[in-house]
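1. Everything below, folded, please.
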Amino acid sequence: MKCFVTGASGFIGGNLVHELVSRGHEVRALLRPGADTRGLENVRYEAVQGDITDKSDTLATAMRGCDWVFHVAASYALWLPDYEPMYRTNVVGTQKILKAAGNAGVSRIIYTSTVGCIGLPKEVPGQRVIPTDETAPVSEVQMTNHYKRSKWQAEVAAREAAMAGLPVVIVNPAAPVGPRDVKPTPTGQLIVDFLNSAMPGYLDTGLNWVHVRDVAVGHILAAEKGRIGERYILGHSEGNWTMHHALSVLAEITGMPPVNRKVPYQVALAAAHVGEWVSRFTQRPPRAPLAGVRMARHKMWFNPAKAIRELGLPQSPPQQALSDAVDWFRAGGYVRSR
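-> This next block holds a predicted model:
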């Protein structure tokens, strides 16, 4: 198949391009001028210069001749001095990509959402937290920060496009880790901070940790087998780990001392408020954005059984994902020499 990929220079997008090419597909990648393409090294692709907020006709011309469109591009930040560009990218950009893909007559459109648009599990003190799946009730009211709200509005646009007849399948990645995290992502930065002994403590939270390679393969499987209009959590069935457990695994992998100091939530929240106040004057992101601390109050645990059952989503061990991420960050010079 000939595939059009937005966000190809990003973490998931770069790994997706590598997986597509390794399976014999051709890739046409939409890249902004000056994009950091380190994640696309050693892979053959056709570069098209542009932006997802370009005119739909221009985007449709770029997509012409493609079979599948993977819309992975997004603005991902938990703090910005101005959030209007985030909505322009995540919402308006998605609407334009969907319209262009429809005009180009592609056979599948895979929209990359986030588990932030899935209902969170309810936590009952003294009882086990039950991971939620795609059926969990959720609404825009529960989107508690601009990133989640903009992605929710974009996912609504994708669902509406599917109902209008476009061949849209939605995927909701959990917390991917692994190689080619160039920026790095907030999850990748956590690993980098651990490797640099820059983590004084942790919050009592949890994520669904999944290998980025499995997430990339999940996109391809969604194009091959996904049901139009459906959403699929791309996560790991055994990847619902607390932050403390993930840090303990990192300590085992690296031989470094574990991080055992738990930071009380109210202390982290107060520090985040101060950090955001300072950022209003410096225009530089706070080390711990308020949105991130508030999300950390919940264990973001999810059940990917639907993607495993319907798509055949691979389940690489989360330990391997963390190990591969450690190796990549070390090789890439992200770790300070001692």
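
2. ranges for the helices of this protein?
-> With helices called from DSSP state H, the chain shows them at 11-22, 56-63, 84-87, 93-104, 146-163, 186-195, 212-225, 243-254, 265-282, 290-295, 305-311, 318-331.

3. quick one: average pLDDT of the third one?
-> Along helix 84-87, the predicted confidence averages to a pLDDT of 96.

4. Run the chain-centre distance for it.
-> Here the centre of helix 84-87 is set off from its chain's centre by 17 Å, with Cα atoms, centre = their mean, to the nearest Å.

5. Residues touching it, excluding its own?
-> 75, 77, 80, 146-147, 150, 153 (Cβ atoms under 8 Å, 6 or more residues apart in numbering). (C-beta placed from N, C-alpha, C; glycine too.)

6. Now it - C-alpha only, PDB.
-> These are the backbone C-alpha positions of helix 84-87, laid out as PDB (Å, rounded to 0.1, in the frame of the first residue of the first chain):
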ATOM      1  CA  GLU A  84      -5.000  28.700  20.400                       C
ATOM      2  CA  PRO A  85      -2.300  27.200  18.200                       C
ATOM      3  CA  MET A  86      -2.900  23.800  19.900                       C
ATOM      4  CA  TYR A  87      -6.600  23.900  19.000                       C
END
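
7. how about CSV for the contacts of helix 84-87, with pLDDT, neighbour count and distance to Thr242 added?
-> What follows is the contacts of helix 84-87, written out as CSV (pLDDT from 0 to 100; neighbours: other Cβ atoms under 10 Å; distance: Cβ to Cβ, whole Å):
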residue, pLDDT, neighbour count, distance to Thr242
Ser75, 92, 18, 29
Ala77, 85, 16, 25
Leu80, 87, 16, 29
His146, 93, 19, 27
Tyr147, 94, 25, 23
Ser150, 96, 24, 28
Gln153, 97, 18, 31
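
8. Show me which of these is closest to Pro121.
-> Tyr147 (19.9 Å; Cβ to Cβ).

9. how much space between the closest one and Ala77?
-> 6 Å (Cβ to Cβ, to the nearest Å).

10. and if you look at Ala321?
-> 23 Å.

11. And for Ala8?
-> According to Cβ to Cβ, Ala8 and Ala77 sit 19 Å apart.

12. Distance check, His18 against Val212.
-> From His18 to Val212 the distance is 10 Å (Cβ to Cβ).

13. How about His244?
-> His244 sits 22 Å away from Val212, taking Cβ to Cβ as the criterion.

14. Who has more neighbours out of these two?
-> Using other Cβ atoms under 10 Å as the criterion, His244 and Val212 rank with Val212 on top: 30 against 17.

15. if you skip the residues just before and after it, what's nearest to Thr112?
-> Excluding the flanking residues, the one nearest Thr112 by Cβ to Cβ, 6 or more residues apart in numbering is Val72, at 4.5 Å.

16. contacting residues for the one you found?
-> When contacts are counted by Cβ under 8 Å, 6+ apart, Val72 touches 5-8, 10, 12-13, 16, 112, 219.

17. how about the residues you listed in a markdown table, adding pLDDT?
-> Shown next, in a markdown table, are the contacts of Val72 (pLDDT from 0 to 100):
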| residue | pLDDT |
| --- | --- |
| Val5 | 98 |
| Thr6 | 98 |
| Gly7 | 97 |
| Ala8 | 97 |
| Gly10 | 96 |
| Ile12 | 98 |
| Gly13 | 98 |
| Leu16 | 98 |
| Thr112 | 98 |
| His219 | 98 |
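
18. between those, which is nearest Ala104?
-> So of these, ranked by how close each gets to Ala104 (Cβ to Cβ), first place is Thr6, at 13.1 Å.

19. Surely the closest one touches Leu30?
-> Yes. Proximity of Thr6 to Leu30 meets the contact threshold set by Cβ atoms under 8 Å, at 4.8 Å.

20. Identify the contacts common to those two.
-> Joint contacts of Thr6 and Leu30 (Cβ under 8 Å, 6+ apart) are 52, 73.

21. least trustworthy helix or strand in the protein by mean pLDDT?
-> Each helix and strand of the chain was given a mean pLDDT (mean pLDDT, DSSP states H and E); the minimum falls on helix 290-295 at a mean of 79.

22. Identify each buried residue in that one, please.
-> Buried residues in helix 290-295, counted by 16 or more other Cβ atoms under 10 Å: 290-295.

23. likewise stretch 55-75?
-> 56, 59-60, 62-63, 66-75.

24. Kindly export that stretch (C-alpha atoms) in CSV.
-> Output of stretch 55-75 as CSV, limited to C-alpha atoms (Å, rounded to 0.1, in the frame of the first residue of the first chain):
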residue,chain,number,x,y,z
LYS,A,55,-5.8,24.2,2.6
SER,A,56,-7.7,20.9,2.2
ASP,A,57,-7.2,21.0,-1.6
THR,A,58,-3.4,21.3,-1.1
LEU,A,59,-3.5,18.3,1.3
ALA,A,60,-5.7,16.3,-1.0
THR,A,61,-3.2,16.8,-3.8
ALA,A,62,-0.4,15.6,-1.6
MET,A,63,-2.4,12.5,-0.7
ARG,A,64,-3.4,11.7,-4.3
GLY,A,65,-2.5,8.1,-5.2
CYS,A,66,-2.3,7.0,-1.6
ASP,A,67,-4.3,4.1,-0.2
TRP,A,68,-4.1,4.7,3.6
VAL,A,69,-3.8,7.9,5.5
PHE,A,70,-2.3,7.9,9.1
HIS,A,71,-3.1,11.1,10.9
VAL,A,72,-0.6,11.0,13.7
ALA,A,73,0.4,14.7,14.0
ALA,A,74,-0.7,16.6,17.0
SER,A,75,0.4,19.4,19.3
